[in-house]
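Trainee: Coordinates only, no sequence provided:
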């Protein structure tokens, strides 16, 4: 029967072909041009920070993977298509008047090269684009190191699971993809060219098609066999049991043997497919396929379920004991919770204490003298209004806490950098020139002693709360262009900071010979640092004008010789770019180091698969009520180390990475990938090290795991009876209610404090958190980690009694605060229609064998320009609550008169030396109790007498000699009066000195 000749595609005219080529070139330019532009901009930026080796290593690894995977996937498809086309039948029987495939056959034959090369190239490009993002796996394979620790099942070094196995599984996945694509390419080609015909009874399959498809399917099944072999190792991080991670009893005794059995069956089936190709027998592949499926169901799924239901579940606590113990040991190792890093001791948690014991306990006095009143998560508006100065300066939403030693005294401070904030510009100020060339940098470092306010807000009436200067405000210490301040700030200009998220700045611009950058109200400035990328040539102007779609960059005459453009100015983003292998902490903080303002950022090395270690969602573990921080991606990790501390200079943007855990094998691997990018710990200066904090995100992960993995016995772990919880934040609206009903709630964040914990010889800067009983609100433990260089990273756990005398937890204490009659009756403070109260952070601190809770209460007018001020302080110890304008008065209400004298008084400016005993009535404490003042011999003699009396009092208190204490107090009183008389004589005869009243913010 004759058929119509196949109709091919219409031929295009020469003009149409030219237009198509131009259109294709234009589309390619749009797709590739923007990527090339972005690559060049990044190349310039990496050159600015001195990490171009990172850029080139990542780039060439991506390029190599792109072409390698693209060549494998596209190449296998091309070979498969070529074989199928060359082995097509010579004559194709036609069924019916119209063969629907004739048109396609004719089209392919006419353009066989286009289809034979174009389709594999397109598939290869897609595959290469998908694969190049996994450059880290390839580099870790090449540079992986040993851990020196083996897994408990196979005895293989952990380095295999960390560096080798991820690449092998990745490679197997791509082999599955490549073989599957090749199979379907051959299948479609054979069908189009008649090698496979569906017409007739059962259809027909040409010999060439049968051979090619059988061999390809055999290769696919062979890859499956290899996959079964390596899946045995992946059982080491199984999550089949919700209580723990790692291979369970069923995994070890059913699934693991099943993987080996299925591996041999898959290998046998692959041989059957190969044999079927040459024996021209489809029964062997069919039988092999059925065997593979049936064995997968029976051996791989049914048998493990039977074992789990009838053997494991009735005896789960005993059956899973070995696996649970492995999980406990591995989790502690992987998350830094081993016995050499965690110190646990029982703590009495007494509910009452003799006031004399507090006054004689130096550890308690050290903690009380540093009780933190200022909440960094509330006071950003106060900093902005009182120290922000011009409208184009600003502070981050969340302030930070650090410690400084000034005049020999260590004190924790609320700290912030006064950054440029172009979002604050008015409509008339917000032109392109002002936004990008005039207001380019911030000015100054602002700090306030965390335990001090200027004065107490004695009157909480509406009039008092509206008064801007009545009290309750931080005592600011500022280092800026007008004054270096007590921290010795030498370069206060801030070009790189947290507020510079997506704004670029063009620095060094001049209007004629006059610098353009705003510096002070009377001066301008031309940037002279090494930061920024030169933009004083036409080519770079064109590049950045195109990159930012801003023609002003190209045509501005004020961008001349020496001009630079700054971008990627956020410190956290800069560290993430130069170290893409690090997980960066969500809260950078500024510090003054050797006169420079630098940002300090913590970096973590993490692994997803550590054998038997608990798989932990990073985002969930680090999310709490704290605002103003970058939330971590909620990816699963089973290993974490704070191996790197990074710094970013606020003036020139230079980035430095320092190793602080030289033994971390993951860090060693990445140092092999990027040699020379991480400096050894020996290059960390003492001045920089003194500002290192134990990082928040790491602590949050560790406390989450400590709530369970403080348990060392597998049977006890299985029962979960001694598990703990991270409490919900009671200061958040609804937090206490959620806790009381056990409905959950946003977690309470950890807090940085300067305190002396049991076992410490002095007050140190540390991060702390309370933990409660499982689904109960009584306190279970108190955890702290020191940031002091001497014992940095030491985790201390105070375990509280859970049966006889339970200690109230944060939510219970918050409920007690709010139901205390004095608090409830203070309607002026809480129910005033013109103000709103804000509860500050609820701190939990060990004092005199018990737990002291302290919480500041702020008030703020209901006005757009209002800002918080400290109004009251709540203190709780046992069942007693103190509620007063100052922490001294609140402590006196709880412990008795005189105990509050150890705390820093309003306006003291952050003195951290607590008095051993309250000064006697009428005595004025000397400004310098450490030696002579030089004012007069009488004053020096009085100071000597005061020191002698204080030393006698300390000795008497240590010895418990009350008679000697009374005599020392009398001597102290007489010496104080002698000092007052001597100072009065000096003041009467001396010439008044010039005024030393600090300027606002100074």
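Mentor: Perfect, thanks for sending it. Since this is a predicted model, take the numbers as computed values, not measurements.

Trainee: starting at the chain centroid, how far to stretch 336-345?
Mentor: Here the centre of stretch 336-345 is set off from its chain's centre by 23 Å, with C-alpha atoms, centre = their mean, to the nearest Å.

Trainee: How much space separates residue 30 from residue 23?
Mentor: 11 Å (C-beta to C-beta, to the nearest Å). All C-beta atoms are positioned from the backbone trio N, CA, C, and that covers glycine.

Trainee: Could you pull up the residues touching the residue nearest the centre of the chain?
Mentor: Nearest to the mean C-alpha position of the chain, by C-alpha atoms, centre = their mean, lies residue 585 at 2.8 Å. Applying C-beta atoms under 8 Å, 6 or more residues apart in numbering to residue 585 gives the contacts 572, 601, 602, 603, 604, 695, 696, 697, 698.

Trainee: pLDDT weak spots in the stretch 801-950 of the chain?
Mentor: Within the stretch 801-950 of the chain, the stretches with pLDDT under 70 are 827-831, 909-940, 943, 950.

Trainee: show me where it has helices.
Mentor: 810-819, 821-825, 827-830, 887-895, 937-959 (DSSP state H, counting those that start in this stretch).

Trainee: now swap in the stretch 551-700 of the chain and tell me
Mentor: 552-555, 571-578, 618-622, 665-673, 686-689, 696-709.

Trainee: Identify whichever of these lies nearest to residue 179.
Mentor: Closest to residue 179 of these, according to C-beta to C-beta: helix 665-673, at 30.4 Å.

Trainee: Give me the below-cutoff pLDDT ranges for the stretch 401-550 of the chain.
Mentor: Using pLDDT under 70, the flagged stretches of the stretch 401-550 of the chain are 458-470.

Trainee: lowest-confidence helix or strand of the protein?
Mentor: Of all helical and strand segments in the chain, the minimum by mean pLDDT, DSSP states H and E falls on helix 462-466, at a mean of 40.

Trainee: And the next helix or strand past whatever helix or strand residue 107 lives in?
Mentor: Per DSSP states H and E, residue 107 falls inside helix 102-110. Downstream of helix 102-110, the first helix or strand assigned by DSSP H and E is helix 112-131.

Trainee: That next one vs helix 102-110, what angle?
Mentor: If you take axes from the mean of the first three to the mean of the last three C-alpha atoms, to 10 degrees, helix 112-131 sits at 90 degrees to helix 102-110.

Trainee: Give me the packing partners of helix 112-131, helices and strands only.
Mentor: Applying 3 or more C-beta pairs under 8 Å, 6 or more residues apart in numbering; DSSP states H and E, one finds that helix 112-131 contacts helix 52-86, helix 165-192.

Trainee: Now tabulate the ones you listed in CSV and tack on distance to residue 838, mean neighbour count and mean pLDDT.
Mentor: Converted to CSV, those look like this (distance: least, C-beta to C-beta, whole Å; neighbours: other C-beta atoms under 10 Å; pLDDT from 0 to 100):
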stretch, distance to residue 838, mean neighbour count, mean pLDDT
helix 52-86, 44, 18, 95
helix 165-192, 47, 19, 94
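
Trainee: Just put those helices in a markdown table and tack on distance to residue 595.
Mentor: Formatted as a markdown table, the helices and strands packed on helix 112-131 follow (distance: least, C-beta to C-beta, whole Å):
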| stretch | distance to residue 595 |
| --- | --- |
| helix 52-86 | 29 |
| helix 165-192 | 45 |
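
Trainee: closest one to residue 306 among those helices?
Mentor: Using C-beta to C-beta, the nearest of these to residue 306 is helix 165-192, at 28.3 Å.

Trainee: Tell me what angle the closest one forms with helix 52-86.
Mentor: Angle of helix 165-192 versus helix 52-86, following the same axes, to 10 degrees, is 30 degrees.

Trainee: elements contacting helix 165-192?
Mentor: Going by 3+ C-beta pairs under 8 Å, 6+ apart, helix 165-192 lies up against helix 52-86, helix 102-110, helix 112-131, helix 135-143, helix 207-234.

Trainee: Residue 748: which of the ones you listed is closest?
Mentor: Of the helices and strands packed on helix 165-192, nearest to residue 748 by C-beta to C-beta is helix 135-143, at 34.7 Å.

Trainee: For the closest one, which residues meet the burial criterion?
Mentor: Buried residues in helix 135-143, counting neighbours by 16 or more other C-beta atoms under 10 Å, are found at 135, 136, 137, 138, 139, 140, 141, 143.

Trainee: List just the nearest of these to residue 328.
Mentor: Using C-beta to C-beta, residue 140 comes nearest to residue 328 of the buried residues of helix 135-143, at 27.2 Å.

Trainee: gap between the closest one and residue 118?
Mentor: For residue 140, the distance to residue 118 - C-beta to C-beta - is 35 Å.

Trainee: if we can go back for a sec, of the contacts of residue 585, grab the buried ones for ChimeraX.
Mentor: Buried residues among the contacts of residue 585 (16+ other C-beta under 10 Å), as a ChimeraX selection:
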select :572,601,602,603,604,695,696,697,698
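
Trainee: Going by distance to residue 251, which of the contacts of residue 585 wins?
Mentor: Nearest to residue 251 among the contacts of residue 585, with distances taken as C-beta to C-beta, is residue 604, at 29.2 Å.

Trainee: From what I see, that closest one and residue 646 are in contact.
Mentor: No: the criterion here is C-beta atoms under 8 Å, and residue 604 misses it with residue 646 at 11.1 Å.

Trainee: any common contacting residues for these two?
Mentor: 582, 584.

Trainee: Pull up the distance across stretch 713-722, start to finish.
Mentor: Length of stretch 713-722, first residue to last, C-alpha to C-alpha, to the nearest Å: 11 Å.

Trainee: Need the contact partners of that stretch.
Mentor: So stretch 713-722 is contacted by 243-244, 316-317, 320-322, 324-325, 328, 708, 710-711, 774, 802 (C-beta under 8 Å, 6+ apart).

Trainee: Would you mind listing which of the residues you listed are buried?
Mentor: For the contacts of stretch 713-722, a burial check counting by 16+ other C-beta under 10 Å picks out 244, 316, 320, 321, 324, 325, 328, 708, 710, 711, 802.
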